[in-house]
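Undergrad: kindly generate the corresponding structure for this input.
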Amino acid sequence: MGILTRIVRIWKADINGVMDELEDKELLLKQHLREMEEELHRKDARHTGLVTEHRRFRLELEKTKRDQASLEDDLKIAIKKDKDDISRMLIKKIRLTDKTVEESTHLLEKLQQEIETLRAVLEKQKIQFQELNQKTVSFLLNKEQDRRNGTISDLTSHNQNTSGELTDEEIDLDLIKYKQQYKASTQGEV
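TA: Numbers count the residues shown, from 1 in each chain. Presented below is the predicted three-dimensional model:
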C-alpha cells in the first residue's frame, strides 16, 4: 500500500508540474491586471451611483423642509383664525414631516459616510493598481529583453568561427548586444 501511495503522490506532483509549465505566466499576469481594472471600474460606478443617490435624497430633503415651512405658515394662519380642526390636521402633517426629515437626515449621513469610505478605498486601490501595472510593464519589458539577449547570445555562440578570428558579423552582433544592455541599464535608472 505504501508504494501505491507514493506512486499516486509522484503522479500528482508531475501533473502539477506539467500544469505549471503549461500556464503562460505573462498571460496570467495580464489577465489578473484586467480583472483588477474591471473591479476598479465596478467600484467607481458604485461610487458614482451613491453620489447620485445622495444628491437625490438631499434634494428631496430640501423639498420636504420647504413643505414643512409651508405647513407651519398654514398652521399660524389656522391658529389666528381659530380653526382648531385644520390646526390639528396641520400639526399631524408637521409631525409626520418632522419624522421624515429626521429619517432622511440620518440616511444622508449614512450615505455620506459610505461615499467617503468607498472614495478612500478607491483612491488607495487605484494607486496600488497603477504601481502594479507599472511593475508589470517593467517586468514584461525585462523578460522580453532577456529573451532578446538570449537569442543574440545563441546567435553569437553559433556563429563564432573556429580559427579564433572575429568576423564583421560577430562584431555587429556584439555591438547590438552591448547597445541593448546599455538601453536596459539606462531604462532602469529612469
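
Undergrad: and residue 31, how far from residue 37?
TA: To residue 37, residue 31 is 11 Å away according to Cβ to Cβ, to the nearest Å. In this view, the C-beta of every residue, glycine as well, is placed from N, C-alpha and C.

Undergrad: residue contacts, the most centrally placed residue in the chain?
TA: Central residue of the chain (Cα atoms, centre = their mean): residue 40, 3.0 Å from the mean position. Shown in contact with residue 40 (Cβ atoms under 8 Å, 6 or more residues apart in numbering): 122, 125-126, 129.

Undergrad: one more time with 10 Å
TA: For residue 40, the contact set (Cβ atoms under 10 Å, 6 or more residues apart in numbering) comprises 122, 125-126, 128-129.

Undergrad: next: residue 112.
TA: Contacts of residue 112 by Cβ under 10 Å, 6+ apart are 50-51, 54, 58.

Undergrad: please redo it, this time with the cut-off set to 7 Å
TA: residue 54 (Cβ atoms under 7 Å, 6 or more residues apart in numbering).

Undergrad: so what's residue 47 closest to, chain neighbours aside?
TA: Counting by Cβ to Cβ, 6 or more residues apart in numbering, residue 47 lies nearest to residue 118, which is 5.0 Å off, once chain neighbours are set aside.

Undergrad: next one: residue 114
TA: Closest residue to residue 114 apart from its sequence neighbours, by Cβ to Cβ, 6+ apart: residue 50 at 6.0 Å.

Undergrad: what's the helix or strand for that neighbour?
TA: In the assignment (DSSP states H and E), residue 50 maps to helix 25-80.

Undergrad: would you mind identifying the next helix or strand past that helix?
TA: By DSSP H and E, the next helix or strand past helix 25-80 is helix 84-159.

Undergrad: next, the angle from that following helix to helix 25-80.
TA: 170 degrees (axes from the mean of the first three to the mean of the last three Cα atoms, to 10 degrees).

Undergrad: what's the average pLDDT for the next helix or strand after helix 84-159?
TA: Per DSSP H and E, the first helix or strand lying C-terminal to helix 84-159 is helix 168-189. Taken as a whole, helix 168-189 has a mean pLDDT of 75.

Undergrad: specify the angle between helix 168-189 and helix 84-159 in degrees.
TA: 150 degrees.

Undergrad: much appreciated, bye for now.
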